[in-house]
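> Let's see this in three dimensions:
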Amino acid sequence: RSEEEQQQDKNMSATTVLQGGVTIKQPPPPSQTNNNHNNHHQRTQSQQQPSLSNDVLKLFTNPLPLDAIFRPKSVALIGASEKVGSVGRTVLWNLLSSPFGGTIYPVNHNPIKRSVFGIKSYQRLQDVPDVREMGIDLVIIAVPAHAVKEVMEDCVEVGVRGAIILSAGV
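Below you'll find the predicted structure:
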């Protein structure tokens, strides 16, 4: 093709029209286009730009950094208790009452307590079965402030992905 024909194609495909102060690209009328050239251009353009539906699908299939906190599949509650009025009881009750759908691991340092609300409890986070292989997404820490450091060290040791600390005191 001649340079003149190529320049004419460029001018037609880059036609702009001012409408209300806005510049928009407008394709050339169908009578002025070469269908083979135009179809090839559309195919190439659609192959280069990723589909929006693929981007949306990735949001739901690829784990995001905060999924461990906002969409956990397993939760360990450190300080789980049946004691009326305790934070550990309230949090555990809320987890059991909600449509959470994941696994809940109550952790209570009291060696006499083997279960909390009928759920097997563990004395330490390291006692949770398969914790190192499967991991725990979220740990909710409901213990006095002086015990938080030790609990956080346990969390790091077993590879917990996220933590929420509910504590008070010195």
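
> for the protein, what spans make up the strands?
Here the chain has its strands, by DSSP state E, at 16-19, 22-25, 74-78, 103-107, 115-116, 119-120, 138-141, 162-165.

> Need the CA coordinates for the third one. CSV is fine.
This file holds the C-alpha atoms of strand 74-78, laid out as CSV (Å, rounded to 0.1, in the frame of the first residue of the first chain):
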residue,chain,number,x,y,z
SER,A,74,-9.5,-21.1,60.7
VAL,A,75,-9.6,-19.1,63.9
ALA,A,76,-7.9,-19.8,67.2
LEU,A,77,-9.3,-17.9,70.2
ILE,A,78,-6.6,-17.5,72.8
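
> what's the average pLDDT for that strand?
The pLDDT scores in strand 74-78 average 95.

> repeat for the first one
Along strand 16-19, the predicted local confidence has a mean pLDDT of 46.

> again with the last one
For strand 162-165, mean pLDDT rounds to 96.

> And stretch 87-95, by the same measure?
On average, stretch 87-95 scores 94.

> list the buried ones in it?
By neighbour count on 16 or more other Cβ atoms under 10 Å, the buried set for stretch 87-95 is 87-89, 91-92, 95. (Each C-beta comes from the backbone N, C-alpha and C, glycine too.)

> Is it correct that Leu96 is in contact with Phe117?
Yes - between Leu96 and Phe117 there is a contact under Cβ atoms under 8 Å: 6.5 Å.

> could the strands of the chain go into JSON lines alongside mean neighbour count and distance to Asp154?
Shown next, in JSON lines, are the strands of the chain (neighbours: other Cβ atoms under 10 Å; distance: least, Cβ to Cβ, whole Å):
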{"stretch": "strand 16-19", "mean neighbour count": "9", "distance to Asp154": "64"}
{"stretch": "strand 22-25", "mean neighbour count": "9", "distance to Asp154": "60"}
{"stretch": "strand 74-78", "mean neighbour count": "25", "distance to Asp154": "8"}
{"stretch": "strand 103-107", "mean neighbour count": "21", "distance to Asp154": "9"}
{"stretch": "strand 115-116", "mean neighbour count": "17", "distance to Asp154": "18"}
{"stretch": "strand 119-120", "mean neighbour count": "12", "distance to Asp154": "18"}
{"stretch": "strand 138-141", "mean neighbour count": "24", "distance to Asp154": "9"}
{"stretch": "strand 162-165", "mean neighbour count": "16", "distance to Asp154": "11"}
